[in-house]
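Chemist: What follows is a predicted structure for the sequence shown.
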Amino acid sequence: MNKYFACILSLILAGCVSMSEKSIPADPVLLKKSSLTKIDMVKVGMAYKEVLAIMDSSVKVGYQQSDQGSMVFEPINLKQPTRAEILTGQGKNYEVLYYFTDINKADGMIVDDELTPLIFQDQKLIGKGWDFLFYLRKDMS
């Protein structure tokens with residue numbers, strides 16, 4: 001009887017081990033950091049209003065306890081874009097909108113590496129990201 005019990009128990013445990021191994025990704029490098037927004041849908045050449053429609057006007061960054069009770073939570077929404085600026089150089093004006101797209105450190109602060117700049121000229125998206133913005137600023141000086 002003990003032999004049968006031991007055999008059945010070992011088969012059950014072997015099944016559990018093989019299932020847990022399947023849940024581990026084969027290549028952790030393939031795991032992609034997710035964005036809080038739809039920034040990947042925004043493409044150079046899009047109109048200003050089209051980009052604003054895709055990016056929405058707020059992003060959910062967490063939850064806080066509600067005044068209604070201890071087990072009721074409400075979302076914490078952050079206004080988007082978090083900041084904006086106008087750059088002027090070589091007789092051209094550029095509007096830069098900074099969107100909060102990633103949480104790199106949950107410290108309650110929003111720093112530049114958690115933002116993605118979108119750069120517009122004449123109501124048209126001409127570039128996105130820090131590399132493009134740095135290149136543009138260097139070209140303007």
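Modeler: Cool, got the structure. Just so you know, these numbers come straight off a predicted model, no measurement behind them.

Chemist: Would you confirm that Gly62 belongs to a strand?
Modeler: Yes: under DSSP: H, G, I helix; E, B strand; the rest coil, Gly62 falls within a strand.

Chemist: What pLDDT does the model give the nearest residue to it once chain neighbours are set aside?
Modeler: Nearest non-adjacent residue to Gly62, counting by C-beta to C-beta, 6 or more residues apart in numbering: Ile76, 4.6 Å away. To be clear about C-beta, it is placed using only N, CA and C from the backbone, and glycine gets the same treatment. Note for Ile76: predicted pLDDT of 87.

Chemist: Secondary structure class of Val134, three-state.
Modeler: For residue 134 the amino acid is Phe, not Val. helix.

Chemist: can you count the residues close to it?
Modeler: 11 (other C-beta atoms under 10 Å).

Chemist: Check the gap between Met71 and Gly127 for me.
Modeler: The gap separating Met71 from Gly127 is 46 Å, by C-beta to C-beta, to the nearest Å.

Chemist: In terms of neighbours, single out the busier of these two.
Modeler: Gly127 (17 against 7).

Chemist: element containing the closest residue to the more buried one other than its chain neighbours?
Modeler: In space, and not counting its chain neighbours, Gly127 is closest to Ile119: 4.6 Å by C-beta to C-beta, 6+ apart. Using DSSP states H and E, Ile119 sits in strand 115-121.
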